[in-house]
Every structure is written in C-alpha cells, then in structure tokens.
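Trainee: here you go, sequence then predicted model.
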Amino acid sequence: MTLIKNKYYFEALDNFPHYLSDCLDSLNYALSYDPEDADSLCLMGRVYSEVLKDYETAKKYFEEAMQNDVTNVNTPKYYIECLLDNEDYEEADKLIEFALQIKGIDKAEILYCKTLLSERKEEYKYALENLKEARRFSYSRTMLDMLEEKEKLIKNKMPKRRTVKKVE
C-alpha cells in the first residue's frame, strides 16, 4: 500500500504547480491510501497556500502534517512561508525556532525564512544577522547567491544615515 501511495504522491509532486488538476487527482488518491501522510498533506497545504492563496485552509493542512510527523523536514519551510504570507508573524517565529531543532533540516532555508520575517517586521539589522548565520549553514552556490541578493535588497531598504556637512 505504501508503494501505491508513494506513486500517487510523486505524480502529484511532478504535476505541481503546472498541472494542478492532475496534481490534485494524484494527491487525493495518495491521501485516500494514507490520510496521515505528512508529505501529501504538506503538498496539499502548498496548493492552498501558493496557488489558491487560501492561507487558513493551507494552515490546517500544514498543522495536520506537523501533527502526524513532527520530524518531517519538508513541512516547516512551506508552513513558515504560508504564515509569513498570511502575516502570522508570532506563529512563524515559534515555528522557526522549533524547525531549527529538527535533525536533518536545511538550516540555511529556515534561517532565510527568519530573515524574511525580520525584513517584514522592518528589523533590518536582525535580518542581516540572520543572513550571516544562514551563510554558515549554506552548502550550495544557489543558496549563497540567493543570500547575497537578499542582503543587497535589505541594505537598500535600510534608512540612510544623514551626514551633516560643516560649513566653514
């Protein structure tokens, strides 16, 4: 039964986000075989969050995924992004702190989410600190490039210091 569920999950993942009808069909089949599968629930949450922009429904799917497998390394990143999009900053902050404790999770991605949280709260100094820490846990050129671009963007957002010229 697990093989069949995985087959449908991978079909759904392969079709996401370009062929949503096929994605949802496969996802519903996967969930009918295992309604507690964290990866399938997470993908359903992503459909609602990223495509349909129905954050409340997405949050329910992400919560259920987390309850069914608290150690799943895929769910926290997407759940945090959903919370940020829905402006649930306190919840996002708690989930970030929890996610950083999960063994095997990509800490650079989670710290990048922490940077986004600080940026949205206009705490640019903390955002830059989080980027610096994310750089420590980054092991790919793609992630490093993304962090560098975000650093430039945040520095451009920071208020400029006014310099007073002395008149002689």
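Mentor: Yes, it's here.
Trainee: where does this protein dip in pLDDT?
Mentor: For the chain, the stretches flagged by pLDDT under 70 are 1, 162-168.
Trainee: and the helices in it?
Mentor: For the chain, helices defined by DSSP state H occupy the ranges 2-15, 20-33, 38-46, 55-68, 75-85, 89-99, 107-120, 124-136, 141-157.
Trainee: any idea which of those is most buried?
Mentor: Compared across those, helix 38-46 shows the largest average neighbour count, a mean of 25 (mean count of other CB atoms under 10 Å). Backbone N, C-alpha and C define where each C-beta goes, glycine included.
Trainee: and that one, what does it pack against?
Mentor: Counting contacts by 3 or more CB pairs under 8 Å, 6 or more residues apart in numbering; DSSP states H and E, helix 38-46 packs against helix 2-15, helix 20-33, helix 55-68, helix 75-85.
Trainee: then the first one to PDB, C-alphas only?
Mentor: As requested, the backbone C-alpha atoms of helix 2-15 are provided in PDB (Å, rounded to 0.1, in the frame of the first residue of the first chain):
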ATOM      1  CA  THR A   2       2.900   2.400   0.700                       C
ATOM      2  CA  LEU A   3       4.200   1.900  -2.800                       C
ATOM      3  CA  ILE A   4       0.900   2.900  -4.300                       C
ATOM      4  CA  LYS A   5       0.600   5.900  -2.000                       C
ATOM      5  CA  ASN A   6       4.200   7.000  -2.900                       C
ATOM      6  CA  LYS A   7       3.400   6.500  -6.600                       C
ATOM      7  CA  TYR A   8       0.500   8.900  -6.400                       C
ATOM      8  CA  TYR A   9       2.400  11.300  -4.200                       C
ATOM      9  CA  PHE A  10       5.300  11.500  -6.700                       C
ATOM     10  CA  GLU A  11       2.800  12.000  -9.500                       C
ATOM     11  CA  ALA A  12       1.200  14.900  -7.600                       C
ATOM     12  CA  LEU A  13       4.600  16.400  -6.900                       C
ATOM     13  CA  ASP A  14       5.700  16.000 -10.500                       C
ATOM     14  CA  ASN A  15       2.500  17.900 -11.700                       C
END
